[in-house]
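Visitor: Fold the following, please.
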Amino acid sequence: MAPGYAASIVVMEMEDFEDQIFPTSTTTFAKEPLNRSAGFAKDLKDRFNGDTMRSGYRWERKDAILNAMLAGINEHNLAAGYWAKAFMLQGQDQNVENTATLALLYTKKDAAPHAQSDLGWTRARAFIQIESGGAQHDPFDEEDTSFDLGGSWEQTRDTARAHFLTGATSMFEYSHRFFFYVLSINDRHVRAVRVDHAGIVVTKPVDYVEDPTIIPRLLWHFSRLNDGQQGLDLTATMLEPSSADYKLMDKLGEDQGYDIDYEEGIALPPFTPRRTYELRSSPASSTSSKPAPTAAPRSRVSHGSADPRVFKYVRSAFKRSLCQNWPRYRLKVGEEGREFLVAQPAVGTKDSPFGRDCRAYIAVDCVTRQLVWLKDSWRPVNECSRPEGVLLHVFANDPKLFVPTLVCHGYVRQHSKPVAEASPAPRATRQTAAQAASKKRGSIHAGAKRAREDDTEGEQVQPGAKKRSRFEAHPLPLYRHYRIVVKEVCLDLEHFTNGWQLVRLIYDCIRTHHRAYKHYGLLHGDVSPWNILIYPTIAVDKKAEKEIIVWRGMLIDWELSTTADGTKPANPSGDGRTIMSWEFASIERVRHAGGQNTVEDELEAFFYVLVWHAVRYLAHDAPQPVVRSFVTDFFDTFFKYPDGALRAHDCKTDAIRDAQLRYADRVIRFCRDGPGPSHPLNGLVSELLRRLQARYAIIQQERQANGDGGGPARRPHPLDGAFGDDRAVLQETQVGAATAPGGLPAQGLRGTKARAVKTRELARSLESHAAVMKLFAEYAVRKDWPMDDRRPDHLAGTDYENERRYIDVPMDDWDGDVASPAEDA
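Guide: Prediction:
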């Protein structure tokens with residue numbers, strides 16, 4: 001097994017790579033480059049016959065090979081029109097033997113105006129990785145290392161893989177491209193490599209000293225490729241610092257006199273535009289030093305606003321993206337090629353270049369010059385889910401849905417044939433690899449989030465010619481490049497300021513979820529903290545005749561939505577795997593991952609989002625070690641059964657069974673500073689837990705005719721007031737609390753029959769949104785919420801990492817089924 005890439009790997013012969021991957025043929029290898037390679041061949045033989053290659057340190061051997069490659073490209077002109085530069089990256093252990101030794105290739109046109117010190121990954125067209133030390137230092141070797149009891153072989157191979165991933169990640173991170181090429185050299189052997197988001201195509205190692213025409217031939221192939229054939233995205237144009245667009249971005253990074261505060265409840269000063277807001281036509285030259293002429297927007301622009309005001313957090317985040325050493329681009333989006341200016345991503349993947357690789361930017365709309373949110377990602381072709389933009393277009397005319405406002409979207413055209421369509425499937429081999437690392441999240445957020453479990457495919461390797469493959473044949477998956485632009489630039493939900501506000505924001509999203517289900521027959525499919533965002537809005541207080549900031553909860557990322565009637569597959573990945581944020585999925589959905597998603601499942605997920613933020617950021621009586629253990633077990637830990645099925649950890653099932661948030665013997669209770677009534681959140685959490693308790697009791701009752709009960713539901717009295725006490729409670733919340741069907745009768749039948757009736761009624765309250773919406777509305781309008789219960793993250797300063805943990809259930813302890821909370825009871 002060769003873990004480390006979390007990607008698919010296809011291995012082929014060198015001649016097949018040249019014939020099938022490169023668009024040119026080896027039969028056209030010209031006489032002139034062949035003559036140029038003669039000097040390179042002599043240099044190679046001299047170096048490999050020298051003392052350094054026979055007895056030197058590994059770093060000395062790598063340095064000798066590096067110098068040979070640099071001389072071959074820069075002096076012998078093996079890659080006509082290109083220039084190579086050494087790039088060294090020292091490892092964390094500061095051991096010179098583990099230094100990554102790379103050579104980056106640039107066009108001479110790009111290299112000429114820049115000093116060597118200024119040339120980094122931004123303009124690199126390909127790279128050469130150099131290793132030394134035999135097969136154990138080969139990043140693509142698949143030799144079985146079970147004999148290596150000390151682990152040194154596997155460790156050195158992992159180091160070589162880390163060097164390769166450093167280059168691969170940087171190639172994708174600093175430029176917009178579909179794929180790129182690499183030469184992987186290990187002593188006297190070379191592999192040709194092609195990397196894209198689907199995985200890696202690599203050749204078997206070939207001795208380039210024995211056949212000195214191989215490297216010149218590969219470099220000749222590369223030098224004849226145009227930009228699109230080298231993998232560059234032709235819809236992305238890099239901006240020069242002297243261009244008008246580059247300078248415009250600098251200008252828009254500063255306050256234009258229209259920036260406004262975004263804290264909830266503040267009143268805005270009267271607004272009168274000082275001038276007509278300037279609009280700009282698109283497309284325009286992105287590299288011209290002359291400003292593009294001002295013109296009316298094209299007719300397709302329907303979301304441009306005449307209001308030039310910008311929230312200060314948006315402006316600040318955009319300014320932070322304008323890093324001096326980060327490239328800026330003009331990107332085209334959609335069939336009509338609407339253009340946007342972007343710099344450093346606000347959210348992006350830095351740990352793995354494979355899979356969806358979602359990046360998100362605060363972008364400048366070239367039509368309106370407003371700041372918008374642009375997401376750039378890769379979607380598996382066999383995925384049955386719909387692009388997010390398709391659903392946002394359907395939602396566009398519904399003002400009661402609080403979802404992102406679509407500006408434009410579309411797939412990005414690839415100007416070369418995807419390697420998955422060209423590579424021969426019979427040569428490909430596959431194995432399962434570790435899950436790709438989580439996507440880092442920024443404070444400004446509108447849809448990019450941590451990687452889902454299916455974001456990458458399994459790793460594939462090919463054994464040597466004399467060794468039988470241990471893995472089954474499988475081709476590379478296909479990915480399509482997709483971009484979407486929405487109007488709103490939001491805040492992460494973790495920026496809520498108190499528990500009352502948190503409840504309101506989640507209530508907003510439950511109402512949106514209800515309307516999408518009722519009027520469009522859709523279930524979201526992936527309710528999680530990263531899909532519930534905060535968007536400050538400007539509300540008009542007609543009585544006071546002023547504008548007030550009101551925060552609203554926005555439910556985003558609808559691409560995994562499923563139809564309520566079950567006609568939409570519950571596993572939209574297309575390969576039998578369910579895509580979802582497992583940490584926040586219902587216990588029942590985790591238990592039956594391939595089953596149909598339900599309203600009850602989604603409402604349970606909303607509850608887990610509430611618990612996630614409340615336990616981490618609100619005042620309560622649990623010490624930090626308990627919080628860390630609770631979050632790890634409740635959200636991140638699963639039992640894994642021999643057939644691959646999962647079950648939530650006992651920490652979560654016990655909470656549902658007992659209708660209490662607890663870790664071990666400690667019940668977690670939310671509190672306020674000083675004396676006073678119980679924190680309202682305790683009541684809301686208790687009500688929701690009792691409904692979930694009843695749900696799983698009925699599930700178990702239906703399976704084994706044995707249920708569990710719960711007590712009567714509390715029904716707080718709603719209070720009036722729209723903007724009183726500095727709380728911007730919307731009128732619709734007041735109406736929802738007063739009129740929606742909800743609580744259960746406090747009096748009724750007695751005894752076992754009464755408990756059974758109440759249990760069924762509690763469980764039934766989760767079958768539709770009405771009761772839960774009423775419950776949230778009743779608590780949202782209460783006036784006994786403390787306004788100072790927000791705390792710093794209780795997990796700050798701990799070693800907590802948001803990663804899934806799996807506990808294997810031995811075969812002897814498995815009876816063929818997965819227990820539910822009621823069964824545990």
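
Visitor: can I assume residue 170 sits in a helix?
Guide: Yes - Residue 170 forms part of a helix when assessed by DSSP: H, G, I helix; E, B strand; the rest coil.

Visitor: Look up the closest residue to it, ignoring the ones flanking it.
Guide: residue 121 (4.2 Å; C-beta to C-beta, 6 or more residues apart in numbering). No exception for glycine: its C-beta is placed from N, CA and C like everyone else's.

Visitor: That neighbour in helix, strand or coil?
Guide: Residue 121 carries the three-state label coil when classified by three-state DSSP.

Visitor: and the host helix or strand of residue 695, average pLDDT?
Guide: Using DSSP states H and E, the element containing residue 695 is helix 680-704. Throughout helix 680-704, pLDDT has a mean value of 90.

Visitor: cool, stretch 154-170 as well?
Guide: Average pLDDT, stretch 154-170: 87.

Visitor: quick revisit: please tell me how far the residue nearest to residue 170 sits from residue 87.
Guide: Distance of residue 121 to residue 87, given as C-beta to C-beta, to the nearest Å: 8 Å.

Visitor: what's the spacing between the residue nearest to residue 170 and residue 101?
Guide: 16 Å.

Visitor: rewinding a little: need the residues touching each of residue 121 and residue 87.
Guide: residue 104 (C-beta atoms under 8 Å, 6 or more residues apart in numbering).

Visitor: and residue 772, that one's in a helix?
Guide: Yes - counting by three-state DSSP, residue 772 falls inside a helix.

Visitor: For it, give me its contacts.
Guide: 510, 603, 606, 688, 691, 765-766 are the contacts of residue 772 under C-beta under 8 Å, 6+ apart.

Visitor: can you tell me which of these are in helices?
Guide: With helices taken from DSSP state H, the overlap with the contacts of residue 772 comprises 510, 603, 606, 688, 691.

Visitor: how close does the third one get to residue 408?
Guide: Using C-beta to C-beta, one obtains 30 Å as the distance from residue 606 to residue 408.

Visitor: Helices of the stretch 1-150 of the chain, start to end?
Guide: Shown for the stretch 1-150 of the chain, the helices assigned by DSSP state H, counting those that start in this stretch span residues 14-20, 31-48, 51-55, 58-74, 108-111.

Visitor: With distance to residue 561 as extra columns, can I get those helices in TSV?
Guide: Shown next, in TSV, are those (distance: least, C-beta to C-beta, whole Å):
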stretch	distance to residue 561
helix 14-20	39
helix 31-48	54
helix 51-55	59
helix 58-74	51
helix 108-111	44
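
Visitor: quick one: which of these is nearest residue 661?
Guide: Residue 661 sits nearest to helix 58-74 of all those, at 54.7 Å, using C-beta to C-beta.

Visitor: returning to what we had before: just the closest of the ones in helices among the contacts of residue 772 to residue 21, please.
Guide: residue 606 (47.7 Å).

Visitor: quick one: secondary structure of the closest residue to residue 531 other than its chain neighbours?
Guide: Residue nearest to residue 531 in three dimensions, not counting chain neighbours: residue 557, with 4.7 Å by C-beta to C-beta, 6+ apart. Under three-state DSSP, residue 557 falls in the coil class.

Visitor: I'd like the distance between residue 557 and residue 551.
Guide: Using C-beta to C-beta, residue 557 is found at 19 Å from residue 551.

Visitor: any idea how far residue 409 is from residue 551?
Guide: Between residue 551 and residue 409 the computed distance is 26 Å (C-beta to C-beta).

Visitor: To clarify, my last question referred to residue 126.
Guide: In this view, residue 126 and residue 409 are 31 Å apart by C-beta to C-beta.

Visitor: Equivalent analysis for residue 683, please.
Guide: From residue 683 across to residue 409, the span is 42 Å (C-beta to C-beta).

Visitor: what do you get for residue 655?
Guide: 40 Å.

Visitor: cool, residue 537 as well?
Guide: Distance, residue 537 to residue 409, using C-beta to C-beta: 23 Å.

Visitor: Looking at these two, which one has more neighbours?
Guide: residue 409 (22 against 17; other C-beta atoms under 10 Å).

Visitor: name the element that one belongs to?
Guide: strand 406-411.

Visitor: Now do the helices in the stretch 451-600 of the chain.
Guide: Under the criterion DSSP H, counting those that start in this stretch, the stretch 451-600 of the chain contains helices at 499-520, 587-591, 599-617.

Visitor: Report the buried residues of the first one.
Guide: This points to helix 499-520. Buried residues in helix 499-520, counted by 16 or more other C-beta atoms under 10 Å: 499-517, 520.

Visitor: what about that helix, distance to the chain center?
Guide: Centroid separation for helix 499-520 versus its chain: 23 Å, with C-alpha atoms, centre = their mean, to the nearest Å.

Visitor: and it, average pLDDT?
Guide: Mean pLDDT, computed over helix 499-520, is 96.

Visitor: and it, what does it pack onto?
Guide: With contacts defined as 3 or more C-beta pairs under 8 Å, 6 or more residues apart in numbering; DSSP states H and E, helix 499-520 has these neighbours: helix 388-395, strand 522-523, strand 532-541, strand 546-555, helix 599-617, helix 680-704, helix 731-739, helix 770-780.
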